[in-house]
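Sequence unavailable; structure follows:
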Ligand code: ADP
């Protein structure tokens with residue numbers, strides 16, 4: 001029979017899987033059972049809408065049996081089954097696109113990461129088996145098919161006999177090697193404990209044949225061996241259990257079993273609400289964002305159960321966008337099983353639950369921030385951006401709910417700090433919350449614009465995310481302290497006296513600045529003496545609402561709104577360069593033109609903006625040298 005090849009990508013992934021040094025090989029069973037349970041769910045849902053189909057719970061189960069002699073472990077389910085095409089499509093192709101690239105990036109981490117994340121669940125069977133056969137008969141079909149594979153070198157599919165609808169998977173368990181024992185996967189007690197550990201709450205019975213010894217009736221002291229079928233799982237879902245019965249590991253297993261993420265959860269909340277709304281919920285805050293988190297493909301949502309029955313995989317209405325990273329489930333008795341998606345959206349109970357959940361997440365984050373800053377830092381590194389988007393989005397509707405959760409890197413603390421921490425440290429005379437925007441901490445640190453504020457000893461928040469400055473423009477203030485960019489036209493720092501002096505000085509330089517302004521017409525709106533520079537000769541600042549950083553970000557947007565900052569060239573009148581400018585105003589106008597152009601280009605470079613004509617710029621540099 002013709003052997004079909006796995007798709008190239010699948011094949012490589014499969015090889016990685018088989019050869020993975022993955023330590024917890026036992027999870028293959030969790031993956032297969034989870035598939036079987038899903039397959040039974042599918043019949044269940046079909047029955048909800050198909051009058052010709054009834055779902056009698058007694059007929060649905062998953063069964064494990066072992067043939068030690070032939071090293072075979074068989075898993076049977078009475079689920080919806082697979083057609084020939086299903087077998088080819090579902091088991092002939094491992095992962096959906098993008099997963100291999102992702103796996104490569106993460107190769108250093110252990111194999112746990114990808115298993116299940118991209119539908120490679122079934123293939124974990126090859127971690128323990130060197131031959132796998134899947135015989136399946138789909139609901140509504142008479143003909144069954146058998147899929148077989150030894151792993152990476154391909155698979156075959158052929159017609160087969162099967163009396164019942166459902167799927168039977170036979171694993172030929174590998175022989176023990178010097179380093180690895182596989183025999184354990186043929187031991188009843190071991191299999192039972194794996195089922196207990198990972199699949200206890202599966203909603204259908206997981207049965208196992210076990211050998212029991214029964215006393216012989218006729219002969220005392222002698223026993224007969226009898227095979228008895230036994231249900232291994234308790235079918236009580238973890239969220240129905242008492243928190244006190246559960247360990248951290250139970251929650252982690254649940255997280256992994258449910259494929260909520262390929263990481264470990266950073267934190268969880270287990271809710272048992274029986275006030276105005278009655279529901280149970282387990283919510284997880286992941287440790288790292290899923291690879292597609294910051295893309296359009298990412299779908300937020302919680303699993304929704306009505307009285308223990310899954311009615312929706314990802315109920316988006318349960319989570320606000322700014323908490324879209326939260327994973328988990330909600331089970332409520334107050335929801336109807338047959339409720340349609342459209343109706344669900346307007347369901348009052350659901351809205352109450354969503355509100356309740358939102359406040360639970362918020363207080364969980366707040367307590368992390370307060371009691372476990374290391375964890376909160378980790379959380380914020382991963383998902384802080386989402387919170388900042390939350391502040392910015394919907395015209396700032398949620399800013400009050402989120403502002404306390406924000407953190408920014410501090411110039412003086414050299415770590416992430418909350419706005420509350422910043423404001424409570426502010427010296428009496430400091431009027432504003434200062435921030436500086438740039439590509440990285442080290443770049444911002446060197447910005448000439450920060451000199452004055454830093455000299456004053458004031459703390460500066462470093463904004464390195466695109467969204468940061470937009471978010472504070474929406475926030476406006478925190479605890480009545482307004483935000484102010486270190487590049488803003490007015491820093492709000494000087495005393496009145498200094499200001500008068502500045503004005504006088506500036507008046508004296510009026511002619512020079514007017515001349516330079518003329519020279520840079522169309523490029524900057526003004527040239528003036530700087531109040532913020534200490535050691536640098538020039539910098540750019542902006543007068544209006546739009547900062548230079550914002551201009552940069554907006555110009556990179558697909559539908560470039562072409563918004564420009566109102567740029568001002570600031571000149572340090574205490575710098576030696578300034579003396580040169582002044583003398584060239586009197587003696588050599590062409591030199592002044594050259595200096596003005598050079599300084600303007602320098603200011604652009606410092607700001608990380610492209611200079612208009614690099615060749616011309618280098619020519620100008622040479623002119624200065626000769
Ligand atoms: P995932 O379950 O994450 O989608 P798998 O590789 O484990 O990925 O399975 C791929 C697909 O094969 C499943 O989505 C399902 O459609 C089908 N499948 C796997 N096992 C079974 C089963 N026991 N019964 C019916 N369909 C199954």
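Arrived safely, thanks for sending. Here the structure is a predicted model, which is why all the values come from computation and not from measurement. Numbers count the residues shown, from 1 in each chain.

Could you check how far the residue of the chain most remote from its centre is from residue 212?
In the chain, the greatest distance from the average C-alpha position (CA atoms, centre = their mean) is reached by residue 218, at 66.6 Å. Separation of residue 218 from residue 212 (CB to CB, to the nearest Å) stands at 19 Å. (Glycine included, C-beta is placed from N, CA and C.)

what about residue 132, helix or strand, and which?
Residue 132 belongs to strand 129-137 when elements are defined using DSSP states H and E.

so what's residue 77 closest to, chain neighbours aside?
Ranked by CB to CB, 6 or more residues apart in numbering and with sequence neighbours excluded, the top spatial neighbour of residue 77 is residue 36, at 3.6 Å.

about what we covered before: could you tell me the model confidence score at the residue farthest from the centre of the chain?
Here, the pLDDT recorded for residue 218 equals 77.

Tell me which residues touch it, please.
Under the criterion of CB atoms under 8 Å, 6 or more residues apart in numbering, residue 218 has no neighbours.

gap between it and residue 224?
Distance, residue 218 to residue 224, by CB to CB: 10 Å.

And residue 259, by the same measure?
For residue 259, the distance to residue 224 equals 44 Å [CB to CB].

out of the two, which sits in the busier spot?
The neighbour count for residue 259 versus residue 224, taken as other CB atoms under 10 Å, is higher for residue 259 (16 against 11).

can you list the residues of this protein near the ligand?
Listed as neighbours of the ligand in the chain under the rule CB under 6 Å from any ligand atom: 31, 35-36, 39, 77, 79-82, 90, 116, 119-122, 167.

So which of these sit within strands?
Judged by DSSP state E, the subset of the residues of the chain next to the ligand located in strands is 77, 167.

Return the helix or strand in this structure with minimum mean pLDDT.
helix 99-105 (a mean of 45; mean pLDDT, DSSP states H and E).

most centrally placed residue in the protein?
Geometric middle of the chain (CA atoms, centre = their mean) lands on residue 289, at 2.0 Å.

what about the closest residue in space to that residue that isn't next to it in sequence, which helix or strand?
Here the nearest residue to residue 289 in space, its sequence neighbours aside, is residue 382; by CB to CB, 6+ apart that works out to 5.3 Å. Secondary structure from DSSP H and E places residue 382 in helix 373-392.

Now do that helix: which elements does it pack against?
The contact analysis (3 or more CB pairs under 8 Å, 6 or more residues apart in numbering; DSSP states H and E) places helix 373-392 against strand 265-274, strand 278-286, helix 348-371, helix 399-402, strand 407-410, helix 466-475.

Point out the one among the ones you listed that comes closest to residue 3.
strand 278-286 (40.3 Å; CB to CB).

Distance from the helix or strand following that closest one to the middle of the chain?
Once strand 278-286 ends, the next helix or strand along the chain (criterion: DSSP H and E) is strand 302-306. Mean C-alpha position of strand 302-306 versus that of the full chain (CA atoms, centre = their mean, to the nearest Å) differs by 21 Å.

Kindly point out the strands partnered with the following helix or strand past strand 302-306 and how each is oriented relative to it.
The helix or strand immediately downstream of strand 302-306 is strand 309-315, counting by DSSP H and E. If you go by DSSP bridges, strand 309-315 pairs up with strand 302-306 (antiparallel).

quick one: low-confidence parts of the stretch 351-500 of the chain?
Within the stretch 351-500 of the chain, the set of residues satisfying pLDDT under 70 comprises 494-500.

Now with 50, please.
By pLDDT under 50, the weakly predicted segments of the stretch 351-500 of the chain are 495-497, 500.

From residue 225, how far out is the residue farthest from the centre of the chain?
Relative to residue 225, residue 218 is positioned 16 Å away (CB to CB).

Where does the stretch 351-500 of the chain get nearest to the ligand, residue-wise?
The nearest approach of the stretch 351-500 of the chain to the ligand comes at residue 382, 23.8 Å away (CB to the nearest ligand atom).

picking that back up, same list, the helices and strands packed on helix 373-392, but as CSV with mean neighbour count please.
Below are those laid out as CSV (neighbours: other CB atoms under 10 Å):
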stretch, mean neighbour count
strand 265-274, 17
strand 278-286, 23
helix 348-371, 17
helix 399-402, 17
strand 407-410, 21
helix 466-475, 21
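
Save these as TSV, and put in distance to residue 182 too.
Listed next are those as TSV, based on distance: least, CB to CB, whole Å:
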stretch	distance to residue 182
strand 265-274	30
strand 278-286	32
helix 348-371	41
helix 399-402	51
strand 407-410	48
helix 466-475	51
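
all strands of the stretch 101-250 of the chain, in order?
Under the criterion DSSP state E, counting those that start in this stretch, strands of the stretch 101-250 of the chain are mapped to 129-137, 144-149, 155-160, 166-173, 206-215, 223-231.

Which among the ones you listed is found nearest to residue 474?
Nearest to residue 474 among those is strand 206-215; the distance by CB to CB comes to 51.8 Å.

Now for residue 90, how many residues are close by?
Residue 90: 17 surrounding residues under other CB under 10 Å.

Could you check the pLDDT of it?
85.

Residue 178 too?
pLDDT, residue 178: 89.

Need the phi and psi values for it.
With angles defined as degrees, to the nearest 10, residue 178 sits at phi -60, psi -40.

That one: how many residues sit nearby?
The tally of other residues near residue 178 (other CB under 10 Å) stands at 5.

same check, this time on the one 10 residues further on
Counted with other CB under 10 Å, residues neighbouring residue 188 total 17.

tally of neighbours for the closest residue to it other than its chain neighbours?
Nearest non-adjacent residue to residue 188, counting by CB to CB, 6+ apart: residue 210, 5.5 Å away. Neighbours of residue 210 under the rule other CB under 10 Å: 17.

Kind regards, and thank you for your time.
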